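S.K.: Predicted model follows, preceded by the sequence.
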Amino acid sequence: MSEITFALDRLEHDGLATRGELSVGGRLLCLTLEDRFRAAPKVPGETRIPAGLYRLELKPIGTSRFDAQAARIMAKAGGDHLGMVRLMAVPNFSEILIHWGNYHTNSEGCILTGRGKMTGPDGALAVSASQDAYAAVYPVLARAAHAAGPGAWLRIADNDGTGAKKSPLPLARPGGN
């Protein structure tokens, strides 16, 4: 099976939220929204994950509280839900998913999808048309995670001026691959 690496470039932050772009092969898939940068300590539900390289996998259907809504979003778009896309081996975090949500308060550490830029009710960076973006990007991510098996990756880079110059994770595949 062939490998595929997606790129998430974090481009801006405002102290509450981080906005970026998710792409593959130089093709923009969607905007992203995450929680704030925080060097330390990690605050559950309020801190974005570290930059680095993470393997993607599909969670088995029925193991995520998001499955039912994901199935509705995908059915409305004419697609299938195969399980939530999850990032593996994220230091000090668990159950980091890629899903919909317009505001950093919808994240709890996860990566949210969006089509446009906007400002949230609290003045923080936000994204619009999140469910539409999810319906468009999910099949690409899910197909890669399913077809490539252990060869589907997400590389996250901090290009937002947070000072996170060096990732705590190596930017090479775990195990020397």
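M.R.: In hand now; what should we look at? The structure displayed is predicted, hence computed values, not measured ones.
S.K.: so who does Gly161 touch?
M.R.: For Gly161, the contacting residues are His13, by CB atoms under 8 Å, 6 or more residues apart in numbering. Backbone N, C-alpha and C define where each C-beta goes, glycine included.
S.K.: If we ignore the residues flanking it in sequence, what's nearest Phe37?
M.R.: Spatial nearest neighbour of Phe37, chain neighbours left out: Thr162 (4.0 Å); criterion: CB to CB, 6 or more residues apart in numbering.
S.K.: Which of the three states applies to that neighbour?
M.R.: coil (DSSP: H, G, I helix; E, B strand; the rest coil).
S.K.: Tell me how many other residues crowd it.
M.R.: Applying other CB atoms under 10 Å, we find 18 residues neighbouring Thr162.
S.K.: Could you do Asp160 as well?
M.R.: Asp160: 19 neighbours (other CB under 10 Å).
S.K.: which SS state does the residue lying closest to Asp67 once chain neighbours are set aside fall under?
M.R.: Sequence neighbours aside, Ile61 is the residue nearest to Asp67 in space, at 5.6 Å (criterion: CB to CB, 6+ apart). Secondary structure state of Ile61, per three-state DSSP, is coil.
S.K.: Now do Ile61 against Tyr54, distance only.
M.R.: Using CB to CB, to the nearest Å, we find Ile61 at a distance of 21 Å from Tyr54.
S.K.: Equivalent analysis for Asn106, please.
M.R.: From Asn106 to Tyr54 the distance is 20 Å (CB to CB).
S.K.: Over to Lys117?
M.R.: Shown here: Lys117 relative to Tyr54, a distance of 25 Å by CB to CB.
S.K.: Compare those two and say which one has the larger neighbour count.
M.R.: Using other CB under 10 Å, the more surrounded residue of Lys117 and Tyr54 is Tyr54, with 23 against 13.
S.K.: looking at it, Val90 is touching Ile96, isn't it?
M.R.: Yes - Val90 lies in contact with Ile96 (CB atoms under 8 Å); the separation is 5.0 Å.
S.K.: Excluding chain neighbours, what is closest to the residue nearest the centre of the chain?
M.R.: The residue lying closest to the centre of the chain (CA atoms, centre = their mean) is Ile111, at 3.1 Å. Distances taken as CB to CB, 6+ apart put Ile98 closest to Ile111, at 4.8 Å, once the chain neighbours are dropped.
S.K.: Great, nothing more from me.
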